[in-house]
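1. mind looking at a prediction? Sequence and model below.
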Amino acid sequence: MDILDSTASWLPVLLPLAEPSPELARGDAVVATVTRSLSANDLNPDFRIEGSFRRGGAVLGRFVCAGPHAAPGFRQTPLHRAAFAADGAPRRAARPLTALREHLAGRCRAGWCPRIS
């Protein structure tokens, strides 16, 4: 898919905001600012998300998350090291797909859960 020539979308985009993140509960909030700038190629966007996790008036933790168009290195975050082996091969989920679907269905808002086939 060529995102510059297509009306298709890659949304939703999932990014690890904080690793580790504070323990969150129903009703907690993420308050964030997303900044978009041009990447080094002066064509594609880079993103930066800066914010905090909140419970009522209390700040539970702060985060800064970079979403560059082209990042140096591979497996630079705990999320990506968990998702990909050192040789670059994707790691396979240890759970059967049915269990994963059930797990996600109980945790995702309607329409926000990824399709697992």
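-> Sure thing, it's come through.
2. surely residue 98 is within a helix?
-> Yes: assessed by DSSP: H, G, I helix; E, B strand; the rest coil, residue 98 belongs to a helix.
3. where's the residue nearest the centre of the chain, which helix or strand?
-> For the chain, the residue whose C-alpha lies nearest the mean C-alpha position (C-alpha atoms, centre = their mean) is residue 15; its distance is 1.6 Å. For residue 15, there is no helix or strand it lies in under DSSP states H and E.
4. residue contacts, it?
-> 49, 65, 67 (C-beta atoms under 8 Å, 6 or more residues apart in numbering). The C-beta positions use only the backbone N, C-alpha and C, and glycine is treated the same way.
5. what segments of the chain are helices?
-> 78-83, 97-105 (DSSP state H).
6. turn these into JSON lines, columns for distance to residue 60.
-> Output for those, formatted as JSON lines (distance: least, C-beta to C-beta, whole Å):
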{"stretch": "helix 78-83", "distance to residue 60": "19"}
{"stretch": "helix 97-105", "distance to residue 60": "24"}
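7. switch those helices over to TSV, and while doing so, append mean pLDDT, distance to residue 111 and mean neighbour count to every line.
-> TSV is the format used below for the helices of the chain (pLDDT from 0 to 100; distance: least, C-beta to C-beta, whole Å; neighbours: other C-beta atoms under 10 Å):
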stretch	mean pLDDT	distance to residue 111	mean neighbour count
helix 78-83	80	23	12
helix 97-105	75	12	12
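8. out of those helices, which comes closest to residue 91?
-> Comparing the helices of the chain by their distance to residue 91 (C-beta to C-beta), the top pick is helix 78-83, with 6.0 Å.
9. can you show me the CA trace of that closest one as CSV?
-> C-alpha atoms of helix 78-83 as CSV (Å, rounded to 0.1, in the frame of the first residue of the first chain):
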residue,chain,number,x,y,z
PRO,A,78,11.3,-4.1,24.9
LEU,A,79,8.2,-4.4,22.9
HIS,A,80,10.1,-5.0,19.6
ARG,A,81,12.6,-7.4,21.3
ALA,A,82,9.6,-9.4,22.5
ALA,A,83,8.0,-9.4,19.0
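10. fine, thanks again, bye for now.
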